[in-house]
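A.B. asks: Quick one, fold the following:
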Amino acid sequence: MNEIKINNRIIGEAHKPFVIAEIGINHEGKFDLAIKLIDDAHKAGCECVKFQTHIIEDEMLPNDVIPGNANESIWEIMKRCRLTENEEIKLKDYVESLGMIFLSTPFSRAAADSLQKLGVPAFKIGSGECNNYPLVEHIAKFGKPVILSTGMNDIQSIQKSVEILRKYKVAYALMHCTSMYPTPYDKVRLGALNELKENFHDAVLGLSDHSIGIYTCLGAVPLGASILEKHFTSDRTLPGPDNPISIEPDELRELIIGSEAIYKALGGTKEILMEEQPTIDFAYSCVVSIKDIKKGEHFSHDNIWVKRPGTGEIKAVDFENVIGKIAKRDIDINNQIKRVDVG
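C.D. replies: This next block holds a predicted model:
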């Protein structure tokens, strides 16, 4: 099975899902709020928090483009929400002091270089950069695992990025994603996970989800999603464009518990487990006498039937095999029929 390793965490279908709480820019550029979000994710049992690294002068031209989930330009949003390199250093140190994994998405070459200098264990590349092949190659050269989101991209455009990652022998994961905020459930398209699996046999798969709640992430686990990423906030009423679509601490905890439960429940075959024996002992029915039966009398529907518990020798499944046979001894009413009783 395909795997990637981030620090000491092995990620793949043979392991429980890796849940990423994407704090992103929900801190609104406030360091103290970023710390609170980390604490809340940690209390919820999350292994990994992810931020975004914006060095806007290297990322974009000054512009007045307004995202669909905001009422101000992307330039103004990122100018307000960016963290300094020193703040990111402190956040990474704090995250790791809690035993968690710190990741951040770079949106430019300068941001990638800053994170490499910071010593991140892996890189998350956002959907908008999935077809930014120069940046993908720049990051691939670092030789660290890459988690690549694929919203707004098709198989052909993803293929080019995958070829770059393979060229540099980088372990990678592909995150199915729909870049709508929020994503209607009928636009999530979990079936795309199967398409990614068919086309990229060496990829670890995941879901970066922008729908409301945790339902689609849970649904992605049986389809092979080993990484589940959701925007995370302490309170959806906080200001910021991503807070309304984010999950809160209780939901994050349920996502972690629920996805692991589903993972554990997958696989197996339809067979009787030895662990089911205590239930078999009371739940099965066995052949019993419902009248006094004399030696030499034929067993019939009038003198035998099936009743619990399941501790007798002749189970209900063999009831018809007893009908018509001869009793080899006297049998009192309400006794389990034994094999030696049947002639």
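A.B. asks: Walk me through which strands the helix or strand containing Gly206 pairs with, and which way each runs.
C.D. replies: In this structure, Gly206 is located in strand 204-209 according to DSSP states H and E. Partners of strand 204-209 in the sheet, by DSSP bridges, are strand 172-177 (parallel), strand 227-231 (parallel).
A.B. asks: can I get those strands in JSON lines with mean pLDDT?
C.D. replies: Putting the strands paired with strand 204-209 into JSON lines (pLDDT from 0 to 100) gives the following:
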{"stretch": "strand 172-177", "mean pLDDT": "98"}
{"stretch": "strand 227-231", "mean pLDDT": "98"}
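A.B. asks: quick one, what contacts Pro182?
C.D. replies: Contacts for Pro182 were tallied using C-beta atoms under 8 Å, 6 or more residues apart in numbering; they are His210, Ser211, Ile212, Pro244, Ile245. Yep, even glycine has a C-beta here, placed from its N, CA and C like the rest.
A.B. asks: Not counting the strand holding Gly206 itself, show me its contacts.
C.D. replies: With C-beta under 8 Å, 6+ apart as the test, strand 204-209 has contacts from 2-4, 11-13, 18, 22, 127, 147, 149, 151, 171-177, 183, 188, 190, 193, 196-197, 216-217, 220, 224-230.
A.B. asks: Pull out the buried members of those.
C.D. replies: In these, burial by neighbour count holds for 2, 4, 11-13, 18, 22, 127, 147, 149, 151, 171-177, 183, 188, 190, 193, 196, 216-217, 220, 224-230, counting by 16 or more other C-beta atoms under 10 Å.
A.B. asks: Mind checking the pLDDT average for the strand holding Gly206?
C.D. replies: Within the predicted structure, the mean pLDDT of strand 204-209 is 98.
A.B. asks: by contact count, what packs against the helix or strand just after it?
C.D. replies: For strand 204-209, the following helix or strand on the C-terminal side (DSSP H and E) is helix 215-220. Contact partners of helix 215-220 among helices and strands, from 3 or more C-beta pairs under 8 Å, 6 or more residues apart in numbering; DSSP states H and E: strand 204-209, strand 227-231, helix 249-265.
A.B. asks: now the ones you listed as JSON lines including distance to Phe319?
C.D. replies: Output for those, formatted as JSON lines (distance: least, C-beta to C-beta, whole Å):
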{"stretch": "strand 204-209", "distance to Phe319": "49"}
{"stretch": "strand 227-231", "distance to Phe319": "49"}
{"stretch": "helix 249-265", "distance to Phe319": "34"}
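A.B. asks: quick one: which of these is nearest Cys286?
C.D. replies: Distances from Cys286 to each of these were compared using C-beta to C-beta; the shortest belongs to helix 249-265, at 31.1 Å.
A.B. asks: Show me what that closest one is in contact with.
C.D. replies: Contacts made with helix 249-265 from outside it, assessed by C-beta under 8 Å, 6+ apart, are listed as 16-17, 19, 21, 40-41, 43-46, 213-214, 217-218, 221-222, 228, 230, 232, 234, 247.
A.B. asks: Give me the next element, helix or strand, following that helix.
C.D. replies: Of the helices and strands lying after helix 249-265 in sequence (DSSP H and E), the nearest is helix 277-283.
A.B. asks: next structured bit after that next one?
C.D. replies: If you walk from helix 277-283 toward the C-terminus, the next helix or strand you reach (DSSP H and E) is strand 286-289.
A.B. asks: Counting by contacts, list what the helix or strand following that following strand packs against.
C.D. replies: Under the assignment DSSP H and E, the closest C-terminal helix or strand after strand 286-289 is strand 304-307. For strand 304-307, the packing partners by 3+ C-beta pairs under 8 Å, 6+ apart come out as strand 286-289, helix 319-322.
A.B. asks: again, only using 6 Å
C.D. replies: Here strand 304-307 is seen to pack against strand 286-289 when contacts are counted using 3 or more C-beta pairs under 6 Å, 6 or more residues apart in numbering; DSSP states H and E.
A.B. asks: Could I get the phi/psi values of the residue lying closest to Asn7 once chain neighbours are set aside?
C.D. replies: Nearest-residue entry for Asn7: Pro121, 4.9 Å, with adjacent residues in sequence omitted and distances by C-beta to C-beta, 6 or more residues apart in numbering. Main-chain torsions, Pro121, degrees, to the nearest 10: phi -80, psi -10.
A.B. asks: Just give me the neighbour total for the nearest residue to Asn153 once chain neighbours are set aside.
C.D. replies: On the basis of C-beta to C-beta, 6+ apart, the spatially nearest residue to Asn153 that is not a chain neighbour turns out to be Cys130, at 4.5 Å. The number of residues packed around Cys130, counting by other C-beta atoms under 10 Å, is 24.
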